[in-house]
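In: when you get a sec, could you give me coordinates for this:
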Amino acid sequence: MFAVGANPWIWTSPVDDRALRELVPRIAAWGFDAIEIPVENPGDWTPTEVRDLLAAHGLAAAAVLAVTPPGRDLVCTDAATVRSSQDYLRGLIDAAAVLGAPSVCGPVYAAVGRLWRMSPAERTDCYRQLRSALEPIAEYAAERGVAVGIEALNRYETSVVNTMAQTLEAIDGLPGNVGIMLDSYHMNIEESDPYAAVILAGPRIVHVQVSGSDRGAPGADHLDWPRWLSALAATGYRGPICIESFTGDNEAIAVAAAIWRPLAPTQDALATTGLAYLRQVTATLLT
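Out: Numbering: from 1, shown residues only. Model prediction:
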């Protein structure tokens with residue numbers, strides 16, 4: 001029912017040409033269908049080289065992911081920062097077009113970890129700024145056959161959008177190629193009913209990330225995955241679902257993602273047990 005993908009952050013950061021040359025054959029050999037690829041810094045990987053690498057190993061490009069360190073903001077910032085952030089997104093869209101990836105996704109609105117309180121009026125204005133900044137990006141993406149997926153993060157990582165309801169409000173009125181990337185980890189924290197939230201997002205879902213509620217493998221946690229994936233299937237979404245987790249072996253990524261302990265015996269085990277479990281659950285949805 002769903003292609004299953006993996007994120008190279010499970011094993012390494014930064015994700016560059018060298019890392020992908022090593023990981024793509026292994027990801028394919030384990031039986032994954034797809035890979036989502038973050039762009040931490042433009043130029044870390046070469047789109048044409050990665051396109052050919054994926055084709056050689058029978059993997060689809062599930063999505064290109066935006067990464068938002070300090071200084072990549074579309075809201076509540078200066079005009080120069082908005083312009084540079086838009087240029088970064090255009091570069092991701094160009095890369096997605098080369099790879100044949102259907103979407104560019106992530107918390108494109110503001111840097112991860114940037115937090116501030118907003119009154120209702122200030123939030124309304126923040127979302128107005130986001131729509132204004134995304135309008136030309138949506139047009140640029142549409143011309144290249146690419147969708148843009150906005151990712152809601154948990155309250156400890158952003159104060160802009162935390163829930164599906166907020167995300168829908170933020171993108172209301174934008175073209176249809178601007179939608180939502182679901183992330184089960186953040187939804188587990190923020191949604192009072194994550195299953196209903198999947199249904200709510202349904203018409204605008206463009207990409208899906210999954211991980212255990214502790215950032216480990218799906219199935220080794222408390223989320224009711226048959227119910228969650230049944231809700232996803234009920235929306236009509238038939239794109240890939242990609243396992244996103246992080247390695248504690250890289251200090252920078254471990255601190256950024258708050259990985260303070262091993263989430264599986266090995267990173268390979270996290271990926272492969274998650275893949276096996278997702279295959280098992282999705283197979284039952286077909287019976």
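
In: determine the longest helix present in the chain.
Out: helix 120-143 (DSSP state H).

In: neighbouring contacts of that helix?
Out: Here helix 120-143 makes contact (C-beta atoms under 8 Å, 6 or more residues apart in numbering) with 74-76, 82, 85-86, 89-90, 93, 104, 108-109, 118, 147-148, 160, 169-175, 177-178. (C-beta placed from N, C-alpha, C; glycine too.)

In: got a ChimeraX select line for the buried ones in the residues you listed?
Out: Typed into ChimeraX, the next command selects the buried ones out of these (criterion: 16 or more other C-beta atoms under 10 Å):
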select :74,75,76,82,85,86,89,90,93,104,108,109,147,148,160,170,171,174,177,178
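
In: okay, and which of the contacts of helix 120-143 map to helices?
Out: 82, 85, 86, 89, 90, 93, 169, 170, 171.

In: mind putting these into JSON lines with pLDDT and distance to residue 28?
Out: Supplementary listing: the ones in helices among the contacts of helix 120-143 in JSON lines, determined by pLDDT from 0 to 100; distance: C-beta to C-beta, whole Å:
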{"residue": "82", "pLDDT": "98", "distance to residue 28": "39"}
{"residue": "85", "pLDDT": "98", "distance to residue 28": "33"}
{"residue": "86", "pLDDT": "98", "distance to residue 28": "34"}
{"residue": "89", "pLDDT": "98", "distance to residue 28": "29"}
{"residue": "90", "pLDDT": "98", "distance to residue 28": "30"}
{"residue": "93", "pLDDT": "98", "distance to residue 28": "25"}
{"residue": "169", "pLDDT": "98", "distance to residue 28": "39"}
{"residue": "170", "pLDDT": "98", "distance to residue 28": "36"}
{"residue": "171", "pLDDT": "98", "distance to residue 28": "34"}
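
In: output these as TSV; include the columns distance to residue 156.
Out: Listed next are these as TSV, based on distance: C-beta to C-beta, whole Å:
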residue	distance to residue 156
82	25
85	22
86	27
89	24
90	29
93	29
169	21
170	19
171	22
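
In: can you give me the helices in the chain?
Out: With DSSP H as the criterion, the chain has helices spanning 17-29, 47-57, 79-99, 120-143, 164-171, 184-190, 194-201, 225-234, 251-257, 267-285.

In: residue 68 is nearest to which of those helices?
Out: Taking C-beta to C-beta as the criterion, residue 68 comes closest to helix 79-99 out of those, the separation being 8.1 Å.

In: surely residue 159 is in contact with residue 117?
Out: Yes. Taking contacts as C-beta atoms under 8 Å, residue 159 lies within contact range of residue 117: 7.0 Å.

In: only C-alpha atoms, please: export the helix or strand of the chain with the lowest mean pLDDT in CSV.
Out: Every helix and strand of the chain was ranked by mean pLDDT, DSSP states H and E. The lowest is helix 251-257, at a mean of 82. Below are the C-alpha coordinates for helix 251-257, written out as CSV (Å, rounded to 0.1, in the frame of the first residue of the first chain):
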residue,chain,number,x,y,z
GLU,A,251,27.8,14.9,18.3
ALA,A,252,26.2,17.7,16.3
ILE,A,253,23.1,15.7,15.2
ALA,A,254,22.8,14.0,18.6
VAL,A,255,22.6,17.4,20.4
ALA,A,256,20.3,18.9,17.7
ALA,A,257,17.8,15.9,17.9
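
In: list the contacts of it.
Out: Outside of helix 251-257, the residues that reach it under the criterion C-beta under 8 Å, 6+ apart are 9, 13, 112, 215, 246, 247, 248, 259, 260.

In: and stretch 66-77, by the same measure?
Out: Outside stretch 66-77, the residues touching it (C-beta under 8 Å, 6+ apart) are 38-40, 81-82, 84-86, 88-89, 92, 104-114, 116, 126, 129-130, 133-134, 160.

In: check the offset of it from the chain's centre.
Out: A distance of 16 Å separates the centroid of the chain from that of stretch 66-77, by C-alpha atoms, centre = their mean, to the nearest Å.

In: looking at residue 159 and residue 117, which one has more neighbours?
Out: Remark: of residue 159 and residue 117, residue 159 carries more neighbours, 17 against 7, as counted by other C-beta atoms under 10 Å.

In: what does the residue nearest to the more buried one when sequence neighbours are not counted show for phi and psi?
Out: Nearest residue to residue 159 in three dimensions, chain neighbours excluded: residue 115, at 4.8 Å (C-beta to C-beta, 6 or more residues apart in numbering). The phi and psi values for residue 115, taken as degrees, to the nearest 10, are phi -130, psi 140.
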